[in-house]
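Visitor: no sequence for this one, just the structure:
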């Protein structure tokens, strides 16, 4: 899963700042954390934005702690750390593995037609995260977006009108982009995608099916 | 993607690119009692030593000094993020307890202590205030034998210090914009990547630190 040298499409600074500040919806955080696990240049940028947070903490306001706060904290420390959940071995980066509960073999796929499958991951409701399985050569129906859609390639590659996206690449699509992602011949394509608004399909059949698909 | 950061790196950041040989080590600093109203910047290398003492010796005095400096800052951060005073108090204690338990994970070649505490406090904010899980990137840790080089630690710590100084010197309008972004008053589409801070050098430094770490992990 290490494709660091070949990654061509990265996260935007806006997303990296939002991730550092902790203001993104959970589904976006998941895509960002998974990409950062694969891309050291974005990870360095994210840590630089963390450093702004640190500088802020150092120079900003203070609020006095209650009396006895230190003693209470030491007592809290005495109780030991909260137990860390053991991580199952996984073929995907650990942040994603935690949401799947294992690796790609553990994903419960549902067919959405034309051979395309998806699995919605459980996150807070302000945005939706899902895995997409696009068979080699197949297309995801042409769609536009009302909000922002992030698509991170985990395996294989897809192309749309704008570019080619291979493992580790992330496409940041907004309202202006209407696209038909097509998986490349040769390998099935698996993506992690997040949207903060429902997709808008451009033909009437997928639009009717949309409420059932939860995309 | 880092158009603005790179421009900063090329143009505005030159004064921050101190050649390594010209750097003087930061003198050890005696931590004085903290008064809430005074804004001062303590050399951060001191705090690195504090964390080492907590990790190696479970040193409660080092912890008490860190607590006196950082707990009021974390509490203010949480209150600004929308926590009530009592919730902020409780969460701050949990943040400081996490610092104790995770001291062995702190990597001074990749973050200042203030930055590291900020990330713990931010994650606590997401967990306690927004009731969300916080997906974190895969852990990159130094193996049992490898560890960061002293020179890398020194430079990263000094650059973090310079970033803090630059933050203090920022025009208030610019600072307010960053503040809004970090306290969630701007949606992510409104956040401008232009921070006005010298991020170029620290970003390249962090990139270098990560590749060194990757090499030792292989």
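Guide: Arrived safely. On a predicted model such as this, the values are computed, not experimentally measured, just so you know.
Visitor: all contacts plus neighbour counts: C-alpha atoms, from now on.
Guide: Noted.
Visitor: low-confidence regions, the chain specifically.
Guide: No chain in the question, so chain A it is. For chain A, the stretches flagged by pLDDT under 70 are A:1-5, A:142-145, A:198-215.
Visitor: ah, no, chain B please
Guide: B:1-45, B:184-195, B:218.
Visitor: check which element follows the biggest helix by length in chain A along the chain.
Guide: The single longest helix within chain A, with elements called by DSSP state H, is helix A:40-59. Sequence-wise, the next helix or strand downstream of helix A:40-59 (DSSP states H and E) is helix A:69-78.
Visitor: next up, the contacts around the residue of chain B found nearest chain A.
Guide: Nearest residue of chain B to chain A: residue B:115, at 3.6 Å (C-alpha to the nearest C-alpha). Applying C-alpha atoms under 8 Å, 6 or more residues apart in numbering or on different chains, one finds that residue B:115 lies in contact with A:50, A:51, A:52, A:53, A:54, A:55, A:57.
Visitor: was I right about the second one contacting residue B:161?
Guide: The one in question is residue A:51. No: counting by C-alpha atoms under 8 Å, residue A:51 stays clear of residue B:161, with 9.8 Å between them.
Visitor: those two: which has the busier surroundings?
Guide: Between residue A:51 and residue B:161, counted using other C-alpha atoms under 10 Å in any protein chain shown, residue A:51 has the larger neighbour count: 30 against 23.
Visitor: grab the nearest non-local neighbour of the more buried one.
Guide: Among residues not flanking residue A:51 along the chain, residue B:115 sits closest, at 5.1 Å (C-alpha to C-alpha, 6 or more residues apart in numbering or on different chains).
Visitor: for residue A:101, same thing?
Guide: Distances taken as C-alpha to C-alpha, 6+ apart place residue A:88 nearest to residue A:101, at 7.3 Å, with adjacent residues excluded.
Visitor: any chance you could map the helices in the chain?
Guide: Reading this off chain A. Using DSSP H, the helices of chain A run over A:13-21, A:26-38, A:40-59, A:69-78, A:94-100, A:204-213.
Visitor: oops, wrong one, chain B.
Guide: Under DSSP H, chain B gives helices at B:3-10, B:44-57, B:60-80, B:85-101, B:113-128, B:150-169, B:172-182, B:199-217.
Visitor: out of these, which is closest to residue A:14?
Guide: Closest approach to residue A:14 among those is made by helix B:172-182 (9.8 Å; C-alpha to C-alpha).
Visitor: who does the closest one touch, helix- and strand-wise?
Guide: Packing partners of helix B:172-182 (3 or more C-alpha pairs under 8 Å, 6 or more residues apart in numbering or on different chains; DSSP states H and E): helix A:13-21.
Visitor: wondering if the helix it packs on reaches chain B at all.
Guide: Yes: using C-alpha under 8 Å from any C-alpha of the partner chain, helix A:13-21 reaches chain B at A:13, A:14, A:15, A:17, A:18, A:20, A:21.
Visitor: just the helices of chain A: most buried one?
Guide: Of the helices of chain A, the one with the most neighbours on average (mean count of other C-alpha atoms under 10 Å in any protein chain shown) is helix A:26-38, at a mean of 26.
Visitor: right, is stretch B:79-90 up against chain A?
Guide: Yes: residues of stretch B:79-90 contacting chain A under C-alpha under 8 Å from any C-alpha: residue B:89.
Visitor: which parts of that stretch are buried?
Guide: Neighbour counts over stretch B:79-90 (16 or more other C-alpha atoms under 10 Å in any protein chain shown) mark B:79, B:81, B:82, B:83, B:85, B:87, B:88, B:89, B:90 as buried.
Visitor: any idea how far residue B:153 is from residue B:139?
Guide: Going from residue B:139 to residue B:153 by C-alpha to C-alpha, to the nearest Å gives 19 Å.
Visitor: of those two, which one has the most company?
Guide: residue B:153 (20 against 11).
Visitor: what about residue A:155, how many residues nearby?
Guide: Per other C-alpha under 10 Å, the neighbour tally for residue A:155 reads 18.
Visitor: residue contacts, it?
Guide: Going by C-alpha under 8 Å, 6+ apart, residue A:155 touches A:166, A:167, A:188, A:189, A:190, A:191.
Visitor: ok, now which ones touch residue 156?
Guide: If you meant another chain, say so; for now it's chain A. Residue A:156 neighbours (C-alpha under 8 Å, 6+ apart): A:166, A:167, A:183, A:184, A:187, A:188, A:189, A:190.
Visitor: you looked at the wrong chain, it should be chain B
Guide: Counting by C-alpha under 8 Å, 6+ apart, residue B:156 has contacts B:108, B:109, B:110, B:111, B:112, B:202, B:205, B:206.
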